[in-house]
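# Quick check, what structure comes out for this input:
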Amino acid sequence: MRRLRNNLRDVLPLTQPSPQREREAAAPRTAAGRIYRQRRAAQREMPEAVTLLANALGAGLPLSHAVQFVAAQGAPVVRPAFARVAAELELGMPLAGALRTLRDDIGGDDVEQLLFALGALHAAGGNLIAVLQQLAATMRERARVRGRVRVMVTQGMVSGLIIAGLPLLLLAVLARFAPQFVTPLWTTALGRLFFGAGLVLEMLGLLWISRIVRVEIS
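All right, here's what the predicted structure looks like:
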């Protein structure tokens with residue numbers, strides 16, 4: 001028996017995960033979460049970046065220098081992506097290829113619209129400054145609508161949780177102060193049937209409310 005305990009003592013440290021292994025396993029998830037948060041922060045700053053780009057073009061700067069201006073004066077979360085675009089333009093890369101950096105580093109619908117506007121107007125010509133100003137206004141309006149929808153969805157979910165929790169709260173109060181009214185719910189076969197049906201209906205109601213308040217904005 002003592003030998004068995006000694007063997008187990010020697011084997012268990014090998015089978016249990018060490019803190020270093022746990023940190024190594026969590027590192028990819030942490031890095032992915034950090035990248036996702038950075039991309040979301042950069043997407044929120046895109047309207048201001050597009051406004052800076054339009055202002056730089058309105059001041060008479062060429063597109064490559066306007067991109068450099070955004071890389072220098074824009075929000076910190078968007079500067080690296082625009083700096084890469086400016087560097088690639090300086091190296092002679094075509095505009096379409098350089099703009100892919102924004103898609104890779106930031107992504108999102110706003111970036112796709114910006115790339116489409118820059119690519120189309122660069123190829124066909126047009127009032128790029130006015131288009132960028134309108135695009136920035138559209139981005140801000142979309143962000144405002146998204147914020148309002150997010151608040152409404154949150155309110156709907158909170159209301160659903162409150163409504164679903166009221167019967168359970170009432171059940172807990174009755175079980176505490178008047179147990180004779182609720183004891184049959186788990187002491188009789190019919191009571192257990194009704195109690196289980198009530199729980200199922202509660203879960204279905206929560207699922208239904210979550211589907212009602214779920215809204216997607218492109």
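# So which residue is smack in the middle of the chain?
Per Cα atoms, centre = their mean, the C-alpha nearest to the average position across the chain is that of residue 40, at 6.5 Å.
# I'd like to know how far that one sits from residue 194.
Look at residue 40 and residue 194: by Cβ to Cβ, to the nearest Å, they are 46 Å apart. (Glycine included, C-beta is placed from N, CA and C.)
# hang on, the earlier thing: what's near enough to touch the residue nearest to the centre of the chain?
Contacts for residue 40 were tallied using Cβ atoms under 8 Å, 6 or more residues apart in numbering; there are none.
# redo that, cut-off 10 Å
Contacts here follow Cβ atoms under 10 Å, 6 or more residues apart in numbering; on that basis residue 40 touches 77, 106-108.
# Just the buried subset of the residues you listed, please.
By the neighbour-count criterion of 16 or more other Cβ atoms under 10 Å, those include these buried positions: 77, 106, 108.
# Filter these down to just the ones in strands.
With DSSP state E as the criterion, strands contain none of the buried ones among the contacts of residue 40.
# Do you know the pLDDT at the closest residue to residue 80 other than its chain neighbours?
Closest residue to residue 80 in three dimensions, ignoring its sequence neighbours and counting by Cβ to Cβ, 6 or more residues apart in numbering: residue 105, at 6.9 Å. According to the predicted model, the pLDDT of residue 105 comes to 80.
# what's the burial count for the residue nearest to residue 63 when sequence neighbours are not counted?
Excluding its sequence neighbours, the residue lying closest to residue 63 (Cβ to Cβ, 6+ apart) is residue 57, at 6.9 Å. As a burial measure, the neighbour count of residue 57 was computed by other Cβ atoms under 10 Å and equals 19.
# Now name the helix or strand holding residue 57.
Residue 57 is part of helix 46-58 when elements are defined by DSSP states H and E.
# Go through this protein and flag its longest helix.
Selection of the longest helix in the chain by residue count, based on DSSP state H, yields helix 128-177.
# Run the chain-centre distance for that one.
A distance of 14 Å separates the centroid of the chain from that of helix 128-177, by Cα atoms, centre = their mean, to the nearest Å.
# Tell me where this structure is predicted with low confidence.
Applying pLDDT under 70 to the chain flags residues 1-29, 31, 215-218.
# ok, now with 50
Within the chain, the stretches falling below the threshold (pLDDT under 50) are 4, 8, 11-15, 21, 26-27.
# thinking residue 183 is in contact with residue 191, fair?
Yes. Taking Cβ atoms under 10 Å as the contact criterion, residue 183 and residue 191 are neighbours in contact, 8.2 Å apart.
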